[in-house]
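S.K.: here is the input, now give the coordinates:
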Amino acid sequence: MALSDRKLKILEAIIREYIESAEPVGSRSLSRRYELGVSPATIRNEMSDLEELGYIQQPHTSAGRIPSDKGYRLYVDKLMEIRREANKNRVKIKSDILKKYGELEQLLEYTSRVLSEFTQYTSIVLAPQVKKSRLKQIQLARLNDEMMLAIFITNTGLIQNPIFKIPSDMKQEDLERISNFLNEEFVGSTLEDIESKMAENLKKELAKFHHTVYALLPEMFKTLEQVSDVALYLSGTTNIFNFPEFNDLAKARSFLNLMEERKTISELISRQDTSKFNVSIGSENKLQEARECSIVTTTYSLDQHAVGQLSVIGPTRMDYDRVISVLGQVSKMMNDILKSK
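M.R.: Numbers count the residues shown, from 1 in each chain. Okay, here's the model as predicted:
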């Protein structure tokens, strides 16, 4: 059932009022604070309809109403207007992030802090995932008679140095020839590209090198993927205590426990849709521990390919338009910085 314009205006007013006050909203306060053009009695009737339709709910018998997850979803999809950040804030976000323009790890860590500072929620920055990064250089170096160092550098600045066992008769000259061949074949490719290339007809090409190379390659790339795909940067975890919804110790403890499970968080964020902004509200989250929260996620890109993700997590009573505005600004900054690296 489509809601009338009047019901939509009243629902939007309830959500905005509840985001600001964290208190159940009554018809009289809506009538005083918002120009809805109808009496408190009419507002009460409309609120009763909205409750029956599942867009708002009454937490206590004598209390006003609060939005439900269904109400927030309609607000995010249809009603909110993403506010453009004030120019002074855009300048500050840019200058704050550029303070740490240098090593990728420093940039990601500081970006997480900036997101938390400007939204006042918990922020999560997921590092570029190797499968989405493109190889820039591969170098193999002999360490001793039994061990080899493989150096992988990606277009996002990731550097990994896994060590592998090699036969004693494999010389540095062999490793250099193999390095040259691998660079010719794989530079500019993602791990997904590499997997498909290796599945095609590289075996014949690699036969001219040492007999262990073909067996070693899948292990090399597998190790690279496992090392890097859970790297994330978290800031503002304790901000959750600023919200009265989390005065309940059980809720707060559940949230803090979730924040300690980095692999779980990484999987939760990675699972989000790759559209420009993904908003997951309360019960829409598959993890039980996240069902009191909303998660807003976007990506940052290099060469028009999404390589990592930026997320903000907070109560369902989140200032969604503000969060999306800040995420959009930070994502754009990240894209520009990575492009110039």
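S.K.: which residues touch Gly314?
M.R.: 119, 121-122, 239-240, 243, 293-294, 323 (CB atoms under 8 Å, 6 or more residues apart in numbering). Heads up, the C-betas are built off the backbone N, CA and C, glycines and all.
S.K.: A strand includes it, no?
M.R.: Yes - checked against DSSP: H, G, I helix; E, B strand; the rest coil, Gly314 lies within a strand.
S.K.: CA atoms of stretch 43-53 as PDB?
M.R.: Taking C-alpha atoms only, stretch 43-53 is exported to PDB below (Å, rounded to 0.1, in the frame of the first residue of the first chain):
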ATOM      1  CA  ILE A  43      -1.500  13.600  13.300                       C
ATOM      2  CA  ARG A  44      -2.500  11.000  16.000                       C
ATOM      3  CA  ASN A  45      -4.800   9.300  13.500                       C
ATOM      4  CA  GLU A  46      -2.200   9.200  10.800                       C
ATOM      5  CA  MET A  47       0.400   7.800  13.400                       C
ATOM      6  CA  SER A  48      -2.100   5.100  14.300                       C
ATOM      7  CA  ASP A  49      -2.200   4.100  10.600                       C
ATOM      8  CA  LEU A  50       1.500   4.200  10.300                       C
ATOM      9  CA  GLU A  51       1.800   1.900  13.300                       C
ATOM     10  CA  GLU A  52      -0.700  -0.500  11.900                       C
ATOM     11  CA  LEU A  53       1.300  -0.600   8.700                       C
END
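S.K.: how about that stretch: buried residues?
M.R.: 43, 46-47, 50, 53 (16 or more other CB atoms under 10 Å).
S.K.: repeat for stretch 164-172
M.R.: Going by 16+ other CB under 10 Å, stretch 164-172 has these buried residues: 164, 166, 170.
S.K.: my read: the last one touches Arg142, true?
M.R.: This points to Met170. Yes - between Met170 and Arg142 there is a contact at 7.4 Å, judged by CB atoms under 8 Å.
S.K.: so for the two, which residues contact both of them?
M.R.: Shared contacts of Met170 and Arg142 (CB under 8 Å, 6+ apart): Met148.
S.K.: point out where the stretch 101-250 of the chain drops to low pLDDT.
M.R.: Applying pLDDT under 70 to the stretch 101-250 of the chain flags residues 101-103, 129-132, 156-160, 191-192, 195-230.
S.K.: residue ranges for the helices of it, please.
M.R.: Shown for the stretch 101-250 of the chain, the helices assigned by DSSP state H, counting those that start in this stretch span residues 104-119, 172-186, 191-200, 202-206, 213-228, 249-260.
S.K.: just to revisit the earlier point, take the buried residues of stretch 43-53 and keep only those in helices.
M.R.: The members of the buried residues of stretch 43-53 that map onto helices under DSSP state H are 43, 46-47, 50.
S.K.: make CSV from those and add pLDDT to it.
M.R.: Shown next, in CSV, are these (pLDDT from 0 to 100):
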residue, pLDDT
Ile43, 93
Glu46, 94
Met47, 94
Leu50, 95
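S.K.: what is the nearest of the residues you listed to Arg6?
M.R.: Glu46 (6.3 Å; CB to CB).
S.K.: spell out the secondary structure type for the nearest residue to that closest one once chain neighbours are set aside.
M.R.: Closest residue to Glu46 apart from its sequence neighbours, by CB to CB, 6 or more residues apart in numbering: Ile10 at 5.0 Å. Put simply, Ile10 is helix when judged by three-state DSSP.
S.K.: who's in contact with Ile10?
M.R.: Neighbours of Ile10 in contact, by CB under 8 Å, 6+ apart: 30, 36, 43, 46-47, 50.
S.K.: start and end of stretch 60-69, how far apart?
M.R.: 17 Å (CA to CA, to the nearest Å).
S.K.: any idea how far it is from the middle of the chain?
M.R.: 31 Å (CA atoms, centre = their mean, to the nearest Å).
S.K.: give the buried residues for that stretch.
M.R.: Buried-residue list, stretch 60-69, by 16+ other CB under 10 Å: 64-69.
S.K.: picking up where we left off before, turn the buried residues of stretch 164-172 into CSV, including distance to Gln137.
M.R.: Listed next are the buried residues of stretch 164-172 as CSV, based on distance: CB to CB, whole Å:
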residue, distance to Gln137
Phe164, 17
Ile166, 20
Met170, 21
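S.K.: closest to Gln329 out of those?
M.R.: Phe164 (42.6 Å).
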